[in-house]
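A.B. asks: sharing a sequence plus its predicted fold:
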Amino acid sequence: MTNRPDARSGRRRARALAALATGVALVTSACGTAHTATPVPDGAEAAEYVSAKFADKLQHLSEDFTGNEPRKSTLDSFIRIDDKKADDTITAVQFGSPPARLSKNHSNRDSGTFLDSYHPAGSEVEYLRLGPHYSSLAPTPWVSMPYTGHNYGECFWAGYNKVCKMLNSVAAAVEAGRAAKEAKSLPDGSVELTAEIPLRTFLEYEVIGVPEKLLANVSEQMRSEPLTALIVLGPDDKLQRIEMNGTVTGDGHELEVRMAYQVLEPPTENDLPPVPDDDEVTVLKDRAAVSDFYDRLGKIQNDG
């Protein structure tokens with residue numbers, strides 16, 4: 001029988017699979033994509049419309065992640081505090097019924113720093129492919145462990161973990177009345193929802209995990225400064241894109257955030273890898289082995 005992991009183990013696993021190492025480098029700026037958009041009606045009618053759109057969509061976004069329909073998406077995630085930064089891309093694939101799920105978390109700075117999580121449809125185990133940066137964790141390129149994802153919601157999956165945190169942080173700021181809100185309708189029937197949320201909320205929700213030693217450089221004044229969140233809903237009212245961007249300075253320090261989640265064209269079976277051969281896999285048989293593995297993985301990630 002597979003032991004059900006406790007909540008702490010689940011949170012640690014989700015953080016580990018959604019995170020890569022933090023390093024040192026300089027940053028180049030990136031430009032967003034421009035859109036031709038028209039505002040919704042002015043005045044009180046607009047305020048009511050925006051509030052209603054945010055309230056309705058943020059309460060029901062989980063519906064966009066449930067079900068077995070094929071899905072593919074990318075999440076580009078960048079954060080910099082002074083000269084320390086993390087920069088990675090998560091590609092998520094769901095295909096089949098019951099669905100197989102693949103989440104590929106790859107560093108954009110080091111091709112050897114990656115973690116690919118794969119759960120074949122209906123399997124009692126899930127597989128984790130280790131990039132060279134993590135090769136000390138096992139003598140094989142893959143490890144396997146008992147599958148426990150059915151004990152958790154959709155946001156537990158590494159493919160959606162950060163996206164859920166982005167949306168939850170926006171929802172929290174909106175509900176607390178700390179977010180300036182705006183809505184625009186696009187010619188194709190899509191809607192752009194924009195909100196400015198405090199950096200403090202972003203950090204509290206651990207949208208991107210930041211080591212405590214770096215958080216010490218982020219002052220209270222900086223935490224009160226806003227980040228801009230953009231949510232794009234398609235003509236069918238489903239989530240198409242979410243972005244978070246902003247640069248905050250204070251007390252000689254600077255923090256920069258750039259995140260962009262994008263729904264792609266539906267995947268096919270060819271987007272999934274084959275199940276690895278037995279000789280390519282180190283088996284983590286029980287909770288103790290899995291816990292030890294994630295302890296060692298966390299140490300590598302924290303040491304950067």
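C.D. replies: Structure's in. What do you need?

A.B. asks: would you list every one of the strands in the stretch 201-304 of the chain?
C.D. replies: Counting by DSSP state E, counting those that start in this stretch, the stretch 201-304 of the chain has strands at residues 226-233, 239-250, 253-263, 281-283.

A.B. asks: need the winner for burial among the ones you listed.
C.D. replies: Highest mean neighbour count among those (mean count of other CB atoms under 10 Å): strand 226-233, with a mean of 22. (C-beta placed from N, C-alpha, C; glycine too.)

A.B. asks: what helices or strands is that one leaning on?
C.D. replies: Secondary structure elements in contact with strand 226-233, counted by 3 or more CB pairs under 8 Å, 6 or more residues apart in numbering; DSSP states H and E, are helix 43-60, helix 158-175, strand 191-198, helix 199-204, strand 239-250.

A.B. asks: contacts for it next, please.
C.D. replies: With contact meaning CB atoms under 8 Å, 6 or more residues apart in numbering, strand 226-233 is reached by 53, 57, 166-167, 169-170, 179-180, 190-199, 202, 239-246, 248, 257.

A.B. asks: now do the contacts for Asn245.
C.D. replies: Going by CB under 8 Å, 6+ apart, Asn245 touches 32, 227-228, 230, 257-259.

A.B. asks: show me which of the residues you listed is closest to Arg296.
C.D. replies: Using CB to CB, Met259 comes nearest to Arg296 of these, at 27.8 Å.

A.B. asks: Pro273 and His119 touch, don't they?
C.D. replies: No. The pair Pro273 and His119 fails to qualify as a contact (CB atoms under 8 Å) at a distance of 11.4 Å.

A.B. asks: which neighbours do these two share?
C.D. replies: In contact with both Pro273 and His119: Leu102, using CB under 8 Å, 6+ apart.

A.B. asks: what about those two, which has more around it?
C.D. replies: His119 (21 against 16; other CB atoms under 10 Å).

A.B. asks: now His271: closest residue in space, sequence neighbours ignored.
C.D. replies: Quick fix: residue 271 reads Asp, not His. Spatially, and ignoring its direct neighbours in sequence, Asp271 is nearest to Val93 (4.8 Å; CB to CB, 6 or more residues apart in numbering).

A.B. asks: confidence score at that neighbour?
C.D. replies: At Val93 the predicted local confidence, pLDDT, stands at 96.

A.B. asks: tell me the secondary structure at it.
C.D. replies: Under DSSP: H, G, I helix; E, B strand; the rest coil, Val93 falls in the strand class.

A.B. asks: any idea how far Arg80 is from it?
C.D. replies: Taken as CB to CB, to the nearest Å, the spacing of Val93 relative to Arg80 amounts to 28 Å.

A.B. asks: kindly report the same for Phe156.
C.D. replies: Distance, Phe156 to Arg80, using CB to CB: 28 Å.

A.B. asks: Ala171 now?
C.D. replies: Separation of Ala171 from Arg80 (CB to CB): 26 Å.

A.B. asks: check Glu220 too.
C.D. replies: Counting by CB to CB, the gap from Glu220 to Arg80 is 20 Å.

A.B. asks: who has more neighbours out of those two?
C.D. replies: Counted by other CB under 10 Å, Glu220 and Arg80 do not tie: Arg80 has more neighbours, with 20 against 9.

A.B. asks: how about the CA coordinates for the strand or helix carrying that one, as PDB?
C.D. replies: Assigned by DSSP states H and E, Arg80 belongs to strand 71-81. Taking C-alpha atoms only, strand 71-81 is exported to PDB below (Å, rounded to 0.1, in the frame of the first residue of the first chain):
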ATOM      1  CA  ARG A  71      -3.600  20.900 -22.600                       C
ATOM      2  CA  LYS A  72      -0.200  22.400 -23.200                       C
ATOM      3  CA  SER A  73       1.300  25.500 -21.800                       C
ATOM      4  CA  THR A  74       4.500  27.300 -21.000                       C
ATOM      5  CA  LEU A  75       5.400  29.400 -18.000                       C
ATOM      6  CA  ASP A  76       8.500  31.700 -18.200                       C
ATOM      7  CA  SER A  77       9.600  32.700 -14.700                       C
ATOM      8  CA  PHE A  78      12.300  35.200 -13.900                       C
ATOM      9  CA  ILE A  79      13.300  37.000 -10.700                       C
ATOM     10  CA  ARG A  80      16.300  39.000  -9.800                       C
ATOM     11  CA  ILE A  81      17.400  40.500  -6.500                       C
END
